[in-house]
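[1] Using only what follows, build the 3D model:
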Amino acid sequence: MAAQVSSFPLYFEGPKPIHCTVRAGEMLYLPSMWFHHVSQSPGPNGLTIAVNYWYDMQFDIKYAYFNFLRSIHISEHSSRKTDPLEGDLDDTNG
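    Numbers count the residues shown, from 1 in each chain. Next up is the predicted model:
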């Protein structure tokens, strides 16, 4: 294990996983592109069922470009310690 930690420090020092149990009648929503790992245990009758639904998200360069520009805008305003949305709209009252 120590060899893995030294070989992949960002993996082991990164965000810690969240564990949850989904019971009968419940569901777990994962946002698109969310990295996840699932393990399942059979129920009392020996069955486990999982359903995944994927749809065409129209994920293209425009989405990545939008997020890039948004992050620049937010970081620029964060360095000034101002609200990133403040002053974005024209003040028509004066």
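[2] Just give me the longest helix of the protein.
    With secondary structure taken from DSSP state H, the chain has its longest helix at helix 61-79.
[3] Grab the most central residue of this structure for me.
    Centroid check for the chain by C-alpha atoms, centre = their mean gives W34 as the closest residue, at 4.9 Å.
[4] quick one: that residue from I18, how far?
    Counting by C-beta to C-beta, to the nearest Å, the gap from W34 to I18 is 11 Å. C-beta coordinates here come from the backbone N, C-alpha and C atoms, glycine included.
[5] do the same with A64
    A64 is 26 Å from I18, by C-beta to C-beta.
[6] Same question for F68.
    Separation of F68 from I18 (C-beta to C-beta) stands at 27 Å.
[7] So these two - more neighbours on which side?
    F68 (10 against 6; other C-beta atoms under 10 Å).
[8] immediately after the helix or strand in which S6 is found, which helix or strand?
    Assigned by DSSP states H and E, S6 belongs to helix 2-7. Next helix or strand after helix 2-7 toward the C-terminus (DSSP H and E): helix 9-13.
[9] and that following helix, what other elements does it pack with?
    Helix 9-13 makes packing contacts with no helix or strand when contacts are defined by 3 or more C-beta pairs under 8 Å, 6 or more residues apart in numbering; DSSP states H and E.
[10] Now it: average pLDDT?
    The average pLDDT for helix 9-13 rounds to 80.
[11] Give me the residue ranges of the chain where confidence is low.
    For the chain, the stretches flagged by pLDDT under 70 are 55-57, 59, 79-94.
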